[in-house]
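1. okay, structure incoming, though there's no sequence with it:
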């Protein structure tokens, strides 16, 4: 049981396939949440190895580009958690601002290439 790793999948907007089966096949115990608030709560409760999240640009935020910044600030305090980000190509210029401040294990543009996601998951072990 020690070789099963924890993965938190945060799907706020979605619009892509459910990758839970791929996560499980890749050796992860998956917890799926649909809000950043629930994700932050989960981070306090569980030992996680990987977080898969969406970059959703929110122009109405004054001091940040998305709620992903809050998540990343928390994850910086946790050693060894790998972060995989899904993003819209049209918001790449906004995502670059986040990329300049935080490092990610993998960054995948929509539509998500299942093989690239699988490769990124394998590289976390």
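-> Nice, thanks for sending it over. Source: prediction; values computed, not measured. Residues are numbered from 1 along each chain as shown.
2. for the protein, give me the ranges with low pLDDT.
-> The chain contains residues with pLDDT under 70 at 1-3, 58-66.
3. can you name the residues that contact residue 95?
-> Going by C-beta atoms under 8 Å, 6 or more residues apart in numbering, residue 95 touches 55, 57, 65, 85, 87, 107. Any C-beta I mention is one placed from the backbone N, CA and C, and that applies to glycine too.
4. touching, residue 23 and residue 121? I think so.
-> Yes. Counting by C-beta atoms under 8 Å, residue 23 does reach residue 121; the two are 6.9 Å apart.
5. quick one, helices of this structure?
-> Using DSSP state H, the helices of the chain run over 20-25, 36-45, 68-75, 92-101, 114-122.
6. how about those, which one is nearest residue 14?
-> Among the helices of the chain, the nearest to residue 14 by C-beta to C-beta is helix 20-25 (12.3 Å).
7. so what secondary structure elements neighbour the closest one?
-> Packing partners of helix 20-25 (3 or more C-beta pairs under 8 Å, 6 or more residues apart in numbering; DSSP states H and E): strand 5-10, strand 28-33, helix 114-122.
8. got the angle between the last one and strand 28-33?
-> This means helix 114-122. Per axes from the mean of the first three to the mean of the last three C-alpha atoms, to 10 degrees, the angle that helix 114-122 makes with strand 28-33 is 110 degrees.
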